[in-house]
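Asks: Provided below for reference: sequence and predicted model.
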Amino acid sequence: MSTFLLEIVTPEHVVFSEQVSSLSVRGIEGELGILPGHIPFVTPLQVAPITIRMEGKILPVAVHGGFVEVQSNKVIVLAESAEMPQEIDIDRALAARERAERRLHAGARDRIDHRRAELSLQRAITRINVSSRSKE
């Protein structure tokens, strides 16, 4: 089976660096599936889980924005932040989701507050989804 090197990098550290068989990400244009030999490209990422397939396993990772760069035999995810399932504090993520939902329902004071609440909600939901998918 053919593979490619996947590196997930944040400003703080390398989160993941291994050979994988496929990768699914959510770019600004929608879902993208990446297989070995994919045509090179660069695109921004949404706040959403990515799905790694390797050695018959599926590994979800919480990615909070950034870019994906596909090269001939290497894919680099440059993320603002990224969390592996075992790093996620589910209780904290649930509390963050509740706070963000309250802020959105209360009505944000301005567009910036509203956007911050939306992003906070997206990050919390991403963490919850990655944490729950890793236990399946």
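Replies: Perfect, thanks for sending it. Numbers count the residues shown, from 1 in each chain.
Asks: and I90, how many neighbours does it have?
Replies: By other Cβ atoms under 10 Å, 14 other residues sit near I90. The C-beta positions use only the backbone N, C-alpha and C, and glycine is treated the same way.
Asks: Check D89 too.
Replies: Neighbours of D89 (other Cβ under 10 Å): 12.
Asks: what do you get for L78?
Replies: Other residues lying near L78 total 18 when counted by other Cβ under 10 Å.
Asks: Got the confidence number for it?
Replies: Looking at L78, its pLDDT stands at 97.
Asks: Next one: it relative to Q122, how far apart?
Replies: Going from L78 to Q122 by Cβ to Cβ, to the nearest Å gives 18 Å.
Asks: State the mean pLDDT of the helix or strand where R92 lies.
Replies: Element membership for R92 (DSSP states H and E) is helix 90-106. Mean per-residue pLDDT for helix 90-106: 84.
Asks: ok, residues contacting it?
Replies: Here helix 90-106 makes contact (Cβ atoms under 8 Å, 6 or more residues apart in numbering) with 113-114, 117-118, 120-121, 123-125, 127-128, 131.
Asks: ok, so of those, who is nearest M84?
Replies: Nearest to M84 among these is S131, at 10.2 Å by Cβ to Cβ.
Asks: Doesn't that closest one belong to a strand?
Replies: No - S131 is assigned helix when assessed by DSSP: H, G, I helix; E, B strand; the rest coil, not a strand.
Asks: what's the distance between the residue lying closest to I28 once chain neighbours are set aside and I50?
Replies: Closest residue in space to I28, ignoring its immediate chain neighbours: P44 at 5.0 Å, by Cβ to Cβ, 6 or more residues apart in numbering. Separation of P44 from I50 (Cβ to Cβ): 13 Å.
Asks: These two: who's more crowded?
Replies: Neighbour count, other Cβ under 10 Å: between P44 and I50, I50 has more, with 25 against 11.
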